[in-house]
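> Structure, please.
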Amino acid sequence: MPKGKTYDSEFKMELVLEVLKGRKAFEVADEYNVSCNSIYNWKQKFLNGGLSGLTNDNQIKSQKDAELKEKEQQIQEMKKIIGEQKVQMELLKKKLWQD
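A predicted model of the protein is given here:
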């Protein structure tokens, strides 16, 4: 059975907060063109796990991928700096022995 449209966690939270503030779920569902069951499910997930309960696995994966890419860039930059420092140290050693 094909899945319906996916929504980001911020959108889900916005709708859940409207329901928690007192609006009827069917009113919010009609206004935003989503099913009442989705809103009830999102509300339960939000109450159980906060914003992270509304986050899709794909969103979590893409966030982790972005963090991993950033860390890899930092590692490469540090390796470059270390390499430059090694070269400088070798040059200083040679200069000291020549004097």
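> pull the helix or strand with minimum mean pLDDT from the chain.
Counting by mean pLDDT, DSSP states H and E, the chain has its least confident helix or strand at helix 36-54, which shows a mean of 79.
> how near is Asp8 to Cys36?
According to Cβ to Cβ, to the nearest Å, Asp8 and Cys36 sit 20 Å apart. Heads up, the C-betas are built off the backbone N, CA and C, glycines and all.
> same question but for Ile82, I mixed them up
For Ile82, the distance to Cys36 equals 58 Å [Cβ to Cβ].
> do the same with Glu27
If you go by Cβ to Cβ, the gap between Glu27 and Cys36 works out to 10 Å.
> Neighbour count: those two, which is higher?
Between Glu27 and Cys36, counted using other Cβ atoms under 10 Å, Cys36 has the larger neighbour count: 15 against 12.
> ok, how many other residues are close to Glu14?
Glu14: 13 neighbours (other Cβ under 10 Å).
> For the helix or strand it falls within, name the packing helices and strands.
Secondary structure from DSSP states H and E places Glu14 in helix 9-20. Where contact means 3 or more Cβ pairs under 8 Å, 6 or more residues apart in numbering; DSSP states H and E, helix 9-20 is packed against helix 25-32, helix 36-54.
> residues of it that come out buried?
Within helix 9-20, the residues that count as buried by 16 or more other Cβ atoms under 10 Å are Ser9, Lys12, Met13, Leu15, Val16, Glu18, Val19.
> would you turn those residues into TSV with distance to Gly49 and pLDDT?
Output for the buried residues of helix 9-20, formatted as TSV (distance: Cβ to Cβ, whole Å; pLDDT from 0 to 100):
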residue	distance to Gly49	pLDDT
Ser9	11	81
Lys12	12	88
Met13	11	85
Leu15	16	92
Val16	12	88
Glu18	19	91
Val19	16	92
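> could you give the angle of whichever helix in the chain runs longest to helix 36-54?
For the chain, the longest helix by residue count, based on DSSP state H, is helix 57-98. Inter-element angle recorded for helix 57-98 and helix 36-54: 20 degrees (by axes from the mean of the first three to the mean of the last three Cα atoms, to 10 degrees).
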